[in-house]
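Engineer: 3D, please:
(chains A and B)
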Number of protein chains: 2
Amino acid sequence: MPTPTDPTVPEGVYSRREDDVIERIAQIVGQVNIPAGERHIGDDAAVLAPFVGQAVISTDVAVLGVHLDFEYFPLEDLGFKAVAAAVSDLAAMGARPRGAVVAVTAPPGTDLEELHRGMADASIVTGCPIVGGDLARGRDVTVAVTVFGECPGRGAILRSGARVGDELLVTGPLGRSAAGLRRRRAGASLSDELVVAHRRPWPRLAEGMAARGSGAHAMMDLSDGLGLDLHRFADASGVGFELSDVPVADGATSEEAISGGEDYELLIATDDAARLRLVFQDRGLREPLSIGRVVADVATRTLRGVEFERRGWQHQL
Amino acid sequence: MPTPTDPTVPEGVYSRREDDVIERIAQIVGQVNIPAGERHIGDDAAVLAPFVGQAVISTDVAVLGVHLDFEYFPLEDLGFKAVAAAVSDLAAMGARPRGAVVAVTAPPGTDLEELHRGMADASIVTGCPIVGGDLARGRDVTVAVTVFGECPGRGAILRSGARVGDELLVTGPLGRSAAGLRRRRAGASLSDELVVAHRRPWPRLAEGMAARGSGAHAMMDLSDGLGLDLHRFADASGVGFELSDVPVADGATSEEAISGGEDYELLIATDDAARLRLVFQDRGLREPLSIGRVVADVATRTLRGVEFERRGWQHQL
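Structural biologist: Reported below is the predicted structural model:
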C-alpha cells in the first residue's frame, strides 16, 4: 500500500529504492517455471491460470519475537515457518497449492533477503510458488502469508464434518516441534533433528490430498496442539471424542505432544480407516496413527477415560 | 500462525481469548450472503466456489503511523484503506472480486473491532467479502489484506501491454487524496469532501471491468502517483509517452495530482478510445479523460514537451 505523500519532502528523498529491493527479492523467491499464461511478480496483481474445482484460501501472520525467538533462530526461519504454516492450512483442506503472496513489514536495516530466502525455501519444498508480495516499513518484522489452492474432484474437507463413530487418526507422532524448541534453548545445534522439526515444519500436503481422495469426513492441521485443536474440531463438528492414545514423538514429552503445537500433523476423521490406510500406502505415505473415536455426546472428551482438558496457546489480544 | 508454546507457562494463561476475539470479528466482517457450497471464516482455510477464468491475486500491507497518521484519522480508516488499496489492484487487472483475507497484528488494547469495522465497510462497498483472517500480537498495528478475483472471458489486463500509438486515459482527475490529507492536517473535518476522498478511496472496479471488456491494451491503478506509476507503466511496456495534460481535481494542486498518490484512478492504454468511452457510457460510468499518447522511444517521457520526471513515494527499506 502506498504511503500518503508529503509534497513538502524534498525531491531527493524519492528514490527507486523500493523498486530495487523488490527486484532483488523477486530474484530470490523465484520467477522460475512460471506456467504459460501466468504472470507473477511485477504487475498490480498476479494472474494465475484457472483453478480446477473449489478454490481454498488461507492467511497466516508471524511476528519476529512472538512467533520466533531471534536469540535462538535465524531470521530465515521466520520466513520458512510463516510459509509452511500457511501451506499447512491448504493441506488441512486436502487442497493442492497454486500459489502464495507474502506481505512483509520490517524496520530499516532488516536483512530482507535472508527473510525471503526462508520463504523461498518453504515455497520450493511445498511446491507452492510465491507469486506476489508487498513491503512496508514498521517497527516489527512481520510476515503475512496468504496461500491459495484448488480441490479438483471432491470438495475440500472441513473440520466440521466428523460423524459419530468415525475413527480419529493423526499423520504422525506429536511433540517434535516443542521438543526441538526446548532442545534449542538448552543449547542444541540448529541441525539437531528435533530442532530442525521446529525450524522446518513439513506441511502434510500429500497426506491431505490422499485423505480427501479417500473420502475422509473431516480434517484439520494440528498447529496449536492437540489439546486445543481437537476441541475446536469437536466443537465445529458438534461431537465429543474418546481418545485411546496420543502418539508421542521420540524425544518429546507427553505434555509437548498434547499442547506443544506447530507439529502440523493432520487430524483426520473417517468411517473407513482401512481405505485411508490403503490410499496412504499406495502413495508411499507413512501409515496414519489411530488415536480414538468420535462420540455423540459433545461433553464427552476423554483420553483413556480421563477428561481431556482444553489447553494450548492462544494470543492475548 | 501459532506461537511456540512454553510448557512452563501456568495453565491459567491459556484461555479461549483468541477464539472469542475471532468470533466477535467474524460477526463484524460479515458471514452474510455466503454462496451455497462456500465456507468462509471458521475453518483452516476458506472454501470458495470455482473461479471463472483466470484467477487474480494481490496483497497489500498497511502500518498505523506509516500509512495512516493516527493524530488525524480514526483507526477504522486504516482498515478501510487497506482493503480498498488491495481491491484497487483487482480493478487494475479488470478482475471481478471474489474475496479477501485479512491478517492483523496489534498491541494489546487495540480496538480490533473498530479496525475490522473499517475493513467490513470497504468489503461491503466493493462487494468483496472478507472470507478469512489471522490475528497476532505485535508492537505495530499492521493490516495485510490479500484479495482474489476472477476474469471471466478475456484475460487480465497487464501494465506491460501498452503499444506505440495507444491513447493514455485516466478514470478521473487526480490529487484528491493528497489534497484531502493536506486539508485534514490544516483542520478540515473528517466529513470534508476531499478528506473523505483520502479516508474512503473508491476502487474503480466497474471501470476496470469495462476497460477489460472493451479490449484495452494495458492498465494499472495510480496508487503512488502518476509521476511514479506512469514511469513504471512505461518501463513494463518498454515504451515512452507524451502527455498533453494532467487533469487536476478541484481543490488539489498540480503537484498533488502528479505525485500525491492514493487516488486509485485507473491509467488505461488503448488503441480504441472511442470504444472505451462508449462502453463506459453504456455502463453509466464517468467519461475517461485523455492525458496523452504512447510513443516508441522509451526515453521520451514528456508533459507538454517538457521532461516528466519520475517522482512519488517509495519506502526506504
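Engineer: what's the closest non-adjacent residue to A:Arg212?
Structural biologist: The spatial neighbour of A:Arg212 that comes closest, neighbours along the chain excluded (Cβ to Cβ, 6 or more residues apart in numbering or on different chains), is A:Gly94 at 2.8 Å. C-beta here means a position set from N, CA and C on the backbone, and glycine is covered the same way.
Engineer: against A:Leu174, how distant is the one you found?
Structural biologist: A:Gly94 sits at a distance of 20 Å from A:Leu174 (criterion: Cβ to Cβ, to the nearest Å).
Engineer: ok, A:Val246 next?
Structural biologist: On the measure of Cβ to Cβ, A:Val246 and A:Leu174 end up 7 Å apart.
Engineer: one more: A:Leu278?
Structural biologist: 24 Å.
Engineer: contact partners of the host helix or strand of A:Arg183?
Structural biologist: Per DSSP states H and E: A:Arg183 is located in helix A:176-185. Here helix A:176-185 makes contact (Cβ atoms under 8 Å, 6 or more residues apart in numbering or on different chains) with A:69, A:72-73, A:188, A:190, A:192, A:194-199, A:201, A:249, A:251-253, A:256, A:259-264, B:4-5, B:7.
Engineer: next, give phi and psi for the closest residue to A:Asp44 other than its chain neighbours.
Structural biologist: Leaving aside its sequence neighbours, A:Asp44 sits nearest to B:Ala92 (Cβ to Cβ, 6+ apart; 3.8 Å). Taking degrees, to the nearest 10, you get phi -70, psi -20 for the backbone angles of B:Ala92.
Engineer: residues contacting B:Ala92?
Structural biologist: A:Asp44, A:Ala45, B:Ile157, B:Arg159, B:Gly208, B:Met219, B:Met220, B:Asp221, B:Leu266.
Engineer: quick check: the fourth one touching B:His231?
Structural biologist: No: in this structure, B:Arg159 sits apart from B:His231 without contact. The criterion is Cβ atoms under 8 Å, and the distance is 11.2 Å.
Engineer: quick check: the nearest residue to A:Gly240 once chain neighbours are set aside vs A:Glu309, distance?
Structural biologist: Spatially, and ignoring its direct neighbours in sequence, A:Gly240 is nearest to A:Thr300 (3.7 Å; Cβ to Cβ, 6+ apart). Here the criterion is Cβ to Cβ. By it, A:Thr300 lies 13 Å from A:Glu309.
Engineer: what's the answer for A:Ala55, then?
Structural biologist: To A:Glu309, A:Ala55 is 37 Å away according to Cβ to Cβ.
Engineer: please apply the same query to A:Ser177.
Structural biologist: For A:Ser177, the distance to A:Glu309 - Cβ to Cβ - is 20 Å.
Engineer: the two: who's more crowded?
Structural biologist: Using other Cβ atoms under 10 Å in any protein chain shown, the more surrounded residue of A:Ser177 and A:Glu309 is A:Ser177, with 31 against 15.
Engineer: which helix or which strand is home to the residue nearest to the more buried one when sequence neighbours are not counted?
Structural biologist: Sequence neighbours aside, A:Glu262 is the residue nearest to A:Ser177 in space, at 3.9 Å (criterion: Cβ to Cβ, 6+ apart). Using DSSP H and E, A:Glu262 maps to neither a helix nor a strand.
Engineer: A:Glu262 contacts A:Leu228, doesn't it?
Structural biologist: No: A:Glu262 is beyond contact range of A:Leu228, at 12.0 Å (criterion: Cβ under 8 Å).
Engineer: centre of the chain to stretch A:295-312, how far?
Structural biologist: With Cα atoms, centre = their mean, to the nearest Å as the basis, stretch A:295-312 stands 26 Å off its chain's centre.
Engineer: same check, this time on stretch A:201-217
Structural biologist: On Cα atoms, centre = their mean, the centre of stretch A:201-217 falls 13 Å from that of its chain.
Engineer: now swap in stretch A:119-137 and tell me
Structural biologist: On Cα atoms, centre = their mean, the centre of stretch A:119-137 falls 13 Å from that of its chain.
Engineer: and that stretch, which residues are buried?
Structural biologist: A:119-123, A:125-126, A:128-137 (16 or more other Cβ atoms under 10 Å in any protein chain shown).
Engineer: would you list every one of the strands in the stretch 1-150 of chain A?
Structural biologist: Assignment of strands within the stretch 1-150 of chain A using DSSP state E, counting those that start in this stretch yields the ranges A:46-48, A:54-63, A:96-106, A:130-137, A:142-151.
Engineer: how about a markdown table for those, with distance to B:Ile28 and mean pLDDT added?
Structural biologist: Output for the strands of the stretch 1-150 of chain A, formatted as a markdown table (distance: least, Cβ to Cβ, whole Å; pLDDT from 0 to 100):
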| stretch | distance to B:Ile28 | mean pLDDT |
| --- | --- | --- |
| strand A:46-48 | 29 | 93 |
| strand A:54-63 | 17 | 96 |
| strand A:96-106 | 22 | 96 |
| strand A:130-137 | 24 | 93 |
| strand A:142-151 | 19 | 97 |
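Engineer: wait, which of these is closest to B:Val164?
Structural biologist: When those are compared by Cβ to Cβ, strand A:46-48 sits nearest B:Val164, at 23.6 Å.
Engineer: the closest one near chain B anywhere?
Structural biologist: Yes: Strand A:46-48 is in contact with chain B by Cβ under 8 Å from any Cβ of the partner chain, via A:Ala46, A:Val47, A:Leu48.
Engineer: now swap in stretch A:187-204 and tell me
Structural biologist: Yes: counting by Cβ under 8 Å from any Cβ, chain B is contacted by stretch A:187-204 at A:His198.
Engineer: quick one: contacts of that stretch?
Structural biologist: Contacts for stretch A:187-204 (Cβ under 8 Å, 6+ apart): A:73-74, A:77, A:80-81, A:84-85, A:87-88, A:90-91, A:125-126, A:171-172, A:176-181, A:183-184, A:221, A:249, A:251-252, A:262-266, B:4.
Engineer: taking the centroid of chain A, which residue is nearest it?
Structural biologist: A:Ala85 (2.0 Å; Cα atoms, centre = their mean).
Engineer: I'd say that one and A:Asp263 touch.
Structural biologist: No: the criterion here is Cβ under 8 Å, and A:Ala85 misses it with A:Asp263 at 11.3 Å.
Engineer: any shared contact partners between these two?
Structural biologist: In contact with both A:Ala85 and A:Asp263: A:Pro201, A:Ser223, using Cβ under 8 Å, 6+ apart.
Engineer: A:Gly65 and A:Asp140 touch, don't they?
Structural biologist: Yes: counting by Cβ under 8 Å, A:Gly65 does reach A:Asp140; the two are 7.3 Å apart.
Engineer: who's more crowded, those two?
Structural biologist: Each of A:Gly65 and A:Asp140 has its neighbours counted (other Cβ under 10 Å); A:Asp140 has more, 22 against 14.
Engineer: wouldn't the more buried one be in contact with B:Ala106 here?
Structural biologist: No: applying Cβ under 8 Å as the test, A:Asp140 and B:Ala106 come out as separate, 10.5 Å apart.
Engineer: give me the common contacts of those two.
Structural biologist: Taking Cβ under 8 Å, 6+ apart as the contact rule, A:Asp140 and B:Ala106 both touch B:Gly138, B:Asp140, B:Thr142.
Engineer: identify, from the residues you listed, the entry nearest to A:Pro35.
Structural biologist: B:Thr142 (31.7 Å).
Engineer: ok, now which ones touch that closest one?
Structural biologist: Going by Cβ under 8 Å, 6+ apart, the list of residues near B:Thr142 reads A:61, A:105, A:136, A:138, A:140, A:142, A:144, B:61-64, B:104-106.
Engineer: which one of those has the most neighbours?
Structural biologist: Ranked by neighbours (other Cβ under 10 Å), the contacts of B:Thr142 are led by A:Ala144, which has 33 neighbours.
Engineer: quick check: that residue vs A:Ala100, distance?
Structural biologist: 11 Å.
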